[in-house]
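1. sequence and predicted structure are below.
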2 protein chains.
Amino acid sequence: MQVHEVPTRLRGKPSWLLNRVSARTHRLIGDTMTAAGAHAYQFAILAALAEFGPESQVQIGQRCGIDQSDMHTMIKELVAQGHVARAPDPADHRRNLISLSTAGRRRLEELDTALTQVQQDILAALSATERDKLIELLTRILA
Amino acid sequence: MQVHEVPTRLRGKPSWLLNRVSARTHRLIGDTMTAAGAHAYQFAILAALAEFGPESQVQIGQRCGIDQSDMHTMIKELVAQGHVARAPDPADHRRNLISLSTAGRRRLEELDTALTQVQQDILAALSATERDKLIELLTRILA
DNA sequence: CATATGTCAGAGATACTGAGATAT
DNA sequence: CATATCTCAGTAGCTCTGACATAT
């Protein structure tokens, strides 16, 4: 649907390409999560808990790149859905220890399946080798 | 500054990598443009005008991926700065023809220089060949 | 006292929706 | 009448700042 040609000074810049691709991706992921009644942050939180076990809100946020201020709402929703439990840390009463429930573990798999499908859609134009290359390059940029 | 390990289910997903890289890039570009007293959209508009000549707001927006509703403010600022002129299109009185001034052309070069430098910073971890590869892959995803 | 955590209110920028005015 | 452009108000989601209470 590209009716008009994109200015050369834009389409040659990685920052512009990244922004456009990321915007499209973000919309797809958002739609998928909304359809599942979830939030992208919540998948990240569930994934962190499944891999590293119970942690404080701050710890989870640092792992996933979620601001401390935004963890509260996300955790509150997950608690209401029965996907995680929030309990004071006996070893440090400032902290809440967040832990994954059985339902939360199922939820994680469910969301992961949906999100994995979205990856296929996003990268449909690339071969398997190229997808790996893209992941590698992005990972190195981020490191 | 990655204190905590990122969950595998996140760091292996292109959507997550794209989001993180794009967020960092977006911040760098934003800071650079703010320092120059400009907006990222405005660079795009100036680039379109320099390459394709005077056009309507809708046309420019479609080229650059800027919503029609957001063009108005951007153009207004560019007019106030003397970088573009806005005049009714004699051939179609619904349209404003936006055209680049001499100052706008200088401004474009100035912003392009700054933005080109940011690209170097973003892609510092990649070789020239890898940068080209990344651009190619992102371009194909977008096509 | 200094620091860490969680909670909460709100700001700022981005991208979009919807509606109205004008012109084709 | 249907459509296109421009303008403008306002919404929604994301990210971040600042403040405060509590605990270490």
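-> The structure has been received and is ready for your questions.

2. get me the contact residues on chain A for DNA strand D.
-> Within reach of DNA strand D by CB under 7 Å from any atom of the strand, chain A has these residues: A:30, A:39, A:40, A:41, A:66, A:67, A:68, A:69, A:70, A:92, A:93, A:94. The C-beta positions use only the backbone N, C-alpha and C, and glycine is treated the same way.

3. could you verify my assumption that the fourth one touches residue A:65?
-> No. Because the distance of 9.4 Å does not satisfy CB atoms under 8 Å, residue A:41 is recorded as not touching residue A:65.

4. where along chain A do the helices fall?
-> Ranges of helices in chain A, per DSSP state H, are A:8-11, A:14-35, A:40-52, A:57-64, A:68-80, A:102-122, A:128-142.

5. out of those, deepest packed?
-> Highest mean neighbour count among the helices of chain A (mean count of other CB atoms under 10 Å in any protein chain shown): helix A:40-52, with a mean of 23.

6. please save the CA atoms from it in PDB.
-> C-alpha atoms of helix A:40-52 as PDB (Å, rounded to 0.1, in the frame of the first residue of the first chain):
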ATOM      1  CA  ALA A  40       2.600  -7.300  26.500                       C
ATOM      2  CA  TYR A  41       4.200  -6.500  29.900                       C
ATOM      3  CA  GLN A  42       2.400  -9.300  31.500                       C
ATOM      4  CA  PHE A  43       3.900 -11.900  29.100                       C
ATOM      5  CA  ALA A  44       7.300 -10.600  30.100                       C
ATOM      6  CA  ILE A  45       6.500 -10.900  33.800                       C
ATOM      7  CA  LEU A  46       5.200 -14.400  33.500                       C
ATOM      8  CA  ALA A  47       8.300 -15.400  31.400                       C
ATOM      9  CA  ALA A  48      10.600 -14.000  34.100                       C
ATOM     10  CA  LEU A  49       8.900 -15.800  36.900                       C
ATOM     11  CA  ALA A  50       8.800 -19.100  35.000                       C
ATOM     12  CA  GLU A  51      12.500 -18.900  34.300                       C
ATOM     13  CA  PHE A  52      13.900 -17.400  37.500                       C
END
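
7. now do that helix, average pLDDT.
-> Confidence for helix A:40-52, expressed as mean pLDDT, is 98.

8. by contact count, what packs against the longest strand anywhere in chain A?
-> In terms of residue count, the longest strand belonging to chain A (DSSP state E) is strand A:92-100. Using 3 or more CB pairs under 8 Å, 6 or more residues apart in numbering or on different chains; DSSP states H and E as the contact test, the elements touching strand A:92-100 are helix A:40-52, helix A:57-64, strand A:84-89.

9. same list (these) but as CSV, adding distance to DNA strand C.
-> Conversion of the helices and strands packed on strand A:92-100 to CSV gives the following (distance: least, CB to the nearest atom of the strand, whole Å):
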stretch, distance to DNA strand C
helix A:40-52, 12
helix A:57-64, 3
strand A:84-89, 7
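
10. would TSV of the ones you listed with distance to residue B:15 be doable?
-> Below are the helices and strands packed on strand A:92-100 laid out as TSV (distance: least, CB to CB, whole Å):
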stretch	distance to residue B:15
helix A:40-52	9
helix A:57-64	14
strand A:84-89	22
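
11. and residue B:79, which of the ones you listed is closest to it?
-> helix A:40-52 (38.4 Å; CB to CB).

12. now check that closest one, is it near chain B?
-> Yes. Residues of helix A:40-52 contacting chain B under CB under 8 Å from any CB of the partner chain: A:43, A:44, A:47, A:48, A:50, A:51, A:52.

13. relative orientation of that helix and helix A:57-64 in degrees?
-> 100 degrees (axes from the mean of the first three to the mean of the last three CA atoms, to 10 degrees).
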